[in-house]
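S.K.: Turn this into a structure:
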Amino acid sequence: MYWARTVLLAVLLPLLASSAFAQVWVPGNAPPNQSVPQAQTQPAQPPVESQPADATPVALPVKDDDSRLSPETRIELIRYVSGEFAKAKISLPGGKKGLHVQVGQPLDQKALMAALKDGGVAASAGDDVQITKMDFGGSDIAIEINGGGNRGRSWRDRIQIAGGGGGLPVSTSTTVNNDYGPAQAAARPGITLQLDFGRPLPEMTPDELKLYLSSVLDFSKQRSAAVQWAEAQPPEIREAIAAKRAAVGMDSEQVIAALGRAERKVRERQPDGVETEDWIYGQPPGKTVFVRFAHDKVIRVTQYPLPADTAE
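M.R.: Prediction:
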C-alpha cells in the first residue's frame, strides 16, 4: 500500500508543477508561445491647405521678346489697377517677404505654405482686399495689398515717377489710400506679391495685368474704383479724361487722371502776386503741353506745336 502511494506521488508531482506555469488561451487572443505583432505608428503628415481648382494662371497672349513696358503704359497700369479692389482666391501671407508669383506657372504650394507659416494669414480666401502700391522693377512688379500708406490724400495724387537717363522713367511706384470700397480692407495686415515675369517687363493692358494676378486675386466680383471715381466727375470732365486732355477748370487729380504725372513742373509768382505752377508734358520740338495751375485749378492749357484745327 505504501509502495502504491509512493508511485502515485512520483507521477503526479511533475504534472502539478508544470500546471503552475500553464497558459490559458482565450479565443481572439494570440495562441500561446506566439508573439503579438506591435502596432505600427505612421508619422504625422503636415497639413495641406486645399487650393481652388482654378489656382493655375489663365493662358495669356504670347508677348514678343522685344516687347518692353513703356512709361506711358506704366501710368495706365497705375491709373486703372492701383487702388482696385479684389477678392482673395487663396489664403495670402503677411509680412515683408510676401508671396512669389511666377507668371505662366502654377503656384508653388510648398512656398505658399512656408510663407503662411512664416508670416501668418493676412487674408483668407473670399476676403476683400485692395491694391495699395505698385513698384515696377526690371522683370517684376511688386504689388502691395492692404498696405495702408499715407491715407490723407487721394490715390491719384500719390503717383510717383522716378526719372533717369534722359528724363525717361526707370521705376514707377504709387501708393493709395482707402477712398473707395470696404473700410476693413485697408485695416488688415499688409500683403506683398512679387509678380515675376522672368524677362524684361513686356507691354500689357490693365486687364492683362489683372489676368496675371488671377491665380490669387479675383477682380470680376468687384466694381472698379477708377470707374467709380470717374463716374462721379461732371460730364465735361469725364469727356476730357476719356480724350486724355487737360481742360480749364480741372483740379490736379483730374489732370493726373487725364494725362498722368507731369514730367516737369515750374513755379512762378506773377506780377499780381498770384503763384502759378506749370505742368509740362512732352519734350520740344515734339508735342509739348503746358498746363498752368493757380489755386489748384487749371487756368490755361497751351500746346506746341498748335493743333492742326487751330493752326493758322
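S.K.: Correct me if wrong: R74 contacts F136.
M.R.: Yes. In this structure, R74 sits in contact with F136. The criterion is CB atoms under 8 Å, and the distance is 5.7 Å. For the C-beta atoms, the positions are set from N, CA and C on the backbone; glycine is no exception.
S.K.: who does the helix or strand containing D207 touch, helix- and strand-wise?
M.R.: Per DSSP states H and E: D207 is located in helix 206-212. Taking 3 or more CB pairs under 8 Å, 6 or more residues apart in numbering; DSSP states H and E as contact, the helices and strands that helix 206-212 lies on are helix 71-80.
S.K.: Now do the helix it packs on, average pLDDT.
M.R.: Here the mean pLDDT over helix 71-80 is 83, rounded to a whole number.
S.K.: Likewise for stretch 211-218?
M.R.: Regarding stretch 211-218, the rounded mean pLDDT is 92.
S.K.: Quick check: end-to-end length of it?
M.R.: Using CA to CA, to the nearest Å, the end-to-end distance of stretch 211-218 comes to 9 Å.
S.K.: Can you point out the buried residues in it?
M.R.: By neighbour count with 16 or more other CB atoms under 10 Å, stretch 211-218 contains the buried residues 211-218.
S.K.: how about those residues, which pair is most distant?
M.R.: Farthest-apart pair in the buried residues of stretch 211-218 is Y212 and D218; separation 13.2 Å (CB to CB).
S.K.: Please enumerate the strands of the stretch 1-150 of the chain.
M.R.: In the stretch 1-150 of the chain, the segments counted as strands under DSSP state E, counting those that start in this stretch are 85-88, 92-93, 99-102, 121-123, 128-136, 140-145.
S.K.: Partner strands of the last one, with direction?
M.R.: As defined by DSSP bridges, the strand partners of strand 140-145 come to strand 128-136 (antiparallel), strand 191-196 (antiparallel).
S.K.: now that strand: mean pLDDT?
M.R.: For strand 140-145, mean pLDDT rounds to 92.
S.K.: Residues in contact with that strand: which ones?
M.R.: Where contact means CB atoms under 8 Å, 6 or more residues apart in numbering, the residues beyond strand 140-145 that reach it are 92, 122-123, 129-135, 175, 190-197, 201, 209, 213.
S.K.: Helix 71-80 and that one, what's the angle between them?
M.R.: Angle, strand 140-145 to helix 71-80, by axes from the mean of the first three to the mean of the last three CA atoms, to 10 degrees: 20 degrees.
S.K.: Mind exporting the C-alpha coordinates of strand 140-145 to CSV?
M.R.: Backbone C-alpha positions of strand 140-145 (Å, rounded to 0.1, in the frame of the first residue of the first chain) are rendered in CSV as follows:
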residue,chain,number,x,y,z
ASP,A,140,8.9,92.0,-61.9
ILE,A,141,6.2,94.1,-60.3
ALA,A,142,5.9,94.3,-56.5
ILE,A,143,2.3,94.7,-55.6
GLU,A,144,1.4,95.7,-52.1
ILE,A,145,-2.1,94.8,-50.8
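S.K.: Show me which residues of that strand are buried.
M.R.: Residues of strand 140-145 classed as buried by neighbour count (16+ other CB under 10 Å): 140-145.
S.K.: Where does the prediction get shaky in the stretch 201-312 of the chain?
M.R.: Across the stretch 201-312 of the chain, the ranges flagged by pLDDT under 70 are 221-228, 307-312.
S.K.: can you count the residues close to L99?
M.R.: The burial metric for L99, expressed as a neighbour count using other CB atoms under 10 Å, is 27.
S.K.: and what of P235?
M.R.: Quick note: P235 (other CB under 10 Å) scores 7 neighbours.
S.K.: So what sits opposite the nearest residue to A86 once chain neighbours are set aside in the bridge?
M.R.: Once its chain neighbours are removed from consideration, A86 has its nearest residue in L217; the separation is 4.1 Å (CB to CB, 6 or more residues apart in numbering). Per DSSP bridges, the residues bridged to L217 are A88.
S.K.: Can you name the residues that contact L217?
M.R.: 86-89, 129, 210.
S.K.: what separates it from L69, distance-wise?
M.R.: When CB to CB, to the nearest Å is applied, the distance between L217 and L69 equals 20 Å.
S.K.: got it, and V301?
M.R.: If you go by CB to CB, the gap between V301 and L69 works out to 28 Å.
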